[in-house]
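# Below is the sequence, then the predicted model.
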Amino acid sequence: MEEHTTFVENLVKDILVNVGKIEPALATNGLINRGSYYDGTKILHPDEYDYHPILALSQYITDVTNASERHEDDGKRKIRINVNKLPNPLPPKCLGTINENGEAEFKTNELLYMLSATISAALEHMETQGTVKLNPRFKQYRRNEIQNTGMHGPAVRLRVGAPLGTTDIDLCFCLKLEPHELGPSVHIINTEHIPFGFWTESVVELPNSDEYKLTPPHRKLFLTLKYVSNLTRLLGSQCRISSYALRTLIIHHQQDCRASNLGECFISIIDKLMTKSDEERNSDFHDDEYNYDEEFIYLYDSNGWGIQNTIFPGKSFPLHGVRIHLLISMVWIIQHIKLNRSNNWWNVFLSNNVTEIRRNRILQTLMDGLNKYNKFDQSRNASKYLRLEWQHDDKNSVVMIQRVLFPFVPFVSSVN
């Protein structure tokens with residue numbers, strides 16, 4: 001593991017040095033380790049590393065203001081830079097109108113593409129030096145074979161053959177300015193809307209408080225849900241919930257958690273994911289409290305559901321596309337633990353072997369349920385309900401997924 005991580009870190013440093021040589025305006029003067037590997041919550045294989053390279057031009061930033069008019073802070077920022085003081089000019093497309101003081105808005109529309117192109121040029125140069133070999137096939141990666149696979153949100157993603165196997169590296173370039181009130185922060189390119197032109201503030205070191213950080217028991221819950229989310233994807237879910245959204249969901253749960261064990265926390269998360277917005281709760285729909293022994297378990301398929309960010313209250317994570325997939329898997333697990341005397345499927349469940357998981361007779365019922373929901377979700381003119389039924393030792397579980405369509409408003413509801 002140490003050799004693998006050292007290989008990745010040395011490669012990243014080499015790439016950044018070459019980026020600065022090819023395009024001095026994009027030189028960096030720091031690197032922040034980010035992501036699940038470095039915070040100890042990586043599951044399965046060390047196949048993804050995340051970094052925040054700090055752009056050296058951060059020192060020439062003159063002003064930071066909120067980019068949106070929301071009453072509550074959503075973390076979006078507009079940033080101005082002193083163009084006259086830059087030792088290496090930026091392309092005009094990265095700048096707004098320059099005022100009489102030599103200041104201009106630092107725009108992100110072209111910056112991410114510029115970073116990606118410069119990284120590709122750096123890799124080509126490194127290949128001539130014999131330190132890497134480009135992999136144009138995008139298939140099996142031998143050691144030192146590498147490719148820029150394109151944008152991954154606000155990051156440029158590289159794929160490389162490393163000591164322990166093919167590994168993804170996300171380089172999310174940032175500006176480092178004054179810290180947020182909670183701790184050190186950076187500003188990254190906001191890619192939520194096309195064309196994107198804003199920056200997003202991200203706090204990289206939060207206070208050691210359970211208001212912002214997971215307690216040891218809830219870290220176990222987080223790892224469990226990450227694994228369930230991964231299994232859901234392997235079994236055919238077309239959506240994937242972000243680790244950050246899962247962590248935020250658990251942080252909300254943690255604030256009023258009274259559970260005595262991980263299983264109770266798991267069920268509490270099911271309840272949170274089943275909670276309706278005020279508009280839906282006042283409508284003629286079924287209750288949203290989970291009970292594994294009920295004759296019918298109702299899940300509502302809403303197009304307006306999100307989790308409020310714990311750092312920037314004006315920001316939410318929309319989960320309407322992934323929530324039901326995760327709920328189906330979570331409810332399936334509890335039903336089979338509670339109502340089956342044999343849990344032989346559990347070892348296969350934990351194996352992360354896709355072939356074995358899909359061959360397992362019991363786990364096939366979960367895969368079938370996810371596939372049925374995929375078809376139900378894609379055919380919006382179909383029935384109002386989808387019925388899933390799972391057989392247990394002495395009874396069956398019947399899950400009714402109820403379609404709830406309100407006029408979509410982004411981030412219409414949130415868990416508090």
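Yep, it's here.
# In this structure, where's the longest helix?
helix 2-22 (DSSP state H).
# For the following helix or strand past that helix, list every residue counted as buried.
Moving toward the C-terminus from helix 2-22, the next helix or strand (DSSP states H and E) is strand 28-34. For strand 28-34, the buried set under the neighbour-count rule, 16 or more other CB atoms under 10 Å, comprises 28, 32, 34. C-beta coordinates here come from the backbone N, C-alpha and C atoms, glycine included.
# Quick check: phi and psi on residue 236?
Note on residue 236: backbone dihedrals following degrees, to the nearest 10 are phi 120, psi 0.
# isn't residue 30 right next to residue 54, touching?
Yes. Residue 30 lies in contact with residue 54 (CB atoms under 8 Å); the separation is 3.7 Å.
# so what sits against both of the two?
residue 176 (CB atoms under 8 Å, 6 or more residues apart in numbering).
# in this protein, which ranges drop under the pLDDT threshold?
The chain contains residues with pLDDT under 70 at 70-71, 138, 193-196, 238-239, 275-289, 303-304, 321, 380-383, 404-416.
# who's in contact with the most centrally placed residue in it?
In the chain, the residue lying closest to the centroid (CA atoms, centre = their mean) is residue 242, at 2.7 Å. For residue 242, the contact set (CB under 8 Å, 6+ apart) comprises residue 317.
# What separation is there between it and residue 317?
Going from residue 242 to residue 317 by CB to CB, to the nearest Å gives 7 Å.
# ok, now residue 332?
The spacing between residue 332 and residue 317, counted by CB to CB, is 23 Å.
# more crowded one of these two?
Each of residue 332 and residue 317 has its neighbours counted (other CB atoms under 10 Å); residue 332 has more, 23 against 20.
# how many other residues sit next to residue 12?
The burial count assigned to residue 12 is 19, neighbours taken as other CB under 10 Å.
# Wait, it touches residue 31, no?
Yes. Under the criterion of CB under 8 Å, residue 12 makes contact with residue 31 at 7.1 Å.
# what do those two both touch?
Common neighbours of residue 12 and residue 31 (CB under 8 Å, 6+ apart) are 51, 53.
# Now do the helices in the stretch 301-416 of the chain.
323-339, 345-351, 354-359, 361-378 (DSSP state H, counting those that start in this stretch).
# Which segments of this structure make up each domain?
If you go by automatic domain parsing, the domain ranges for the chain are 2-203, 216-415.
# Out of the buried residues of strand 28-34, flag the one nearest to residue 112.
Among these, residue 28 lies closest to residue 112 (CB to CB), at 15.1 Å.
# thinking again about what came up before, out of the domains of the chain, nearest to residue 209?
domain 2-203 (9.4 Å).
# ends of stretch 126-145, how far apart?
Using CA to CA, to the nearest Å, one end of stretch 126-145 lies 11 Å from the other.
# Buried ones in it, by neighbour count?
Those would be 126, 131, 132, 133, 135, 141, 144, 145, for stretch 126-145 by 16+ other CB under 10 Å.
# Other residues contacting that stretch?
11, 14-15, 18, 123-124, 146-147, 149, 159-163, 166.
# repeat for stretch 218-237
So stretch 218-237 is in contact with 36, 40-41, 43-44, 214, 239-241, 243, 246-247, 250, 253-254, 257, 262, 265-266, 269, 322, 325-326, 328-330, 333, 349-350, 352, 354, 357-358, 363, 366-367, 370-371, 374, going by CB under 8 Å, 6+ apart.
# switch the cut-off to 6 Å
43, 214, 240-241, 246-247, 250, 254, 262, 265, 325, 329, 354, 367, 370-371 (CB atoms under 6 Å, 6 or more residues apart in numbering).
# if we can go back for a sec, compile the buried residues of stretch 126-145 into a markdown table and extend it with columns for distance to residue 98.
Below are the buried residues of stretch 126-145 laid out as a markdown table (distance: CB to CB, whole Å):
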| residue | distance to residue 98 |
| --- | --- |
| 126 | 35 |
| 131 | 39 |
| 132 | 38 |
| 133 | 43 |
| 135 | 42 |
| 141 | 44 |
| 144 | 43 |
| 145 | 43 |
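# from the residues you listed, which single one is nearest residue 401?
Among the buried residues of stretch 126-145, and counting by CB to CB, the member closest to residue 401 is residue 141, at 39.8 Å.
# mind checking the SS state of that closest one?
coil (DSSP: H, G, I helix; E, B strand; the rest coil).
# residues in contact with the nearest residue to it once chain neighbours are set aside?
Excluding the flanking residues, the one nearest residue 141 by CB to CB, 6 or more residues apart in numbering is residue 161, at 3.5 Å. Residues near residue 161 by CB under 6 Å, 6+ apart: 141, 142, 143, 145.
# Nearest to residue 76 among those residues?
residue 141 (36.2 Å).
# Enumerate every residue touching residue 396.
residue 389.
# What of residue 26?
19, 118.
# where's it relative to residue 251, distance?
Counting by CB to CB - residue 26 and residue 251 are separated by 34 Å.
# Show me the strands in the stretch 1-150 of the chain, by range?
Taking DSSP state E, counting those that start in this stretch, the strands of the stretch 1-150 of the chain run over residues 28-34, 48-55, 61-66, 76-82, 103-105, 133-134, 145-152.
# Give me whichever of the ones you listed is most buried.
strand 48-55 (a mean of 22; mean count of other CB atoms under 10 Å).
# Within its local environment, how many residues does the residue lying closest to residue 27 once chain neighbours are set aside see?
Once flanking residues are discounted, residue 27 sits nearest to residue 20: 3.5 Å by CB to CB, 6+ apart. If you count neighbours by other CB under 10 Å, residue 20 ends up with 20.
# if I read this right, residue 20 contacts residue 29, doesn't it?
No. Using CB atoms under 6 Å, residue 20 is not in contact with residue 29; the gap is 9.1 Å.
# Quick one: the helices in the stretch 101-250 of the chain, in order.
For the stretch 101-250 of the chain, the helices defined by DSSP H, counting those that start in this stretch cover 111-128, 216-234, 243-255.
# Those into TSV, with extra columns for distance to residue 103?
Shown next, in TSV, are the helices of the stretch 101-250 of the chain (distance: least, CB to CB, whole Å):
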stretch	distance to residue 103
helix 111-128	17
helix 216-234	43
helix 243-255	33
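# between the ones you listed, which gets nearest to residue 301?
Between the helices of the stretch 101-250 of the chain, helix 216-234 lies closest to residue 301; by CB to CB that is 15.6 Å.
# Okay then, goodbye and thanks.
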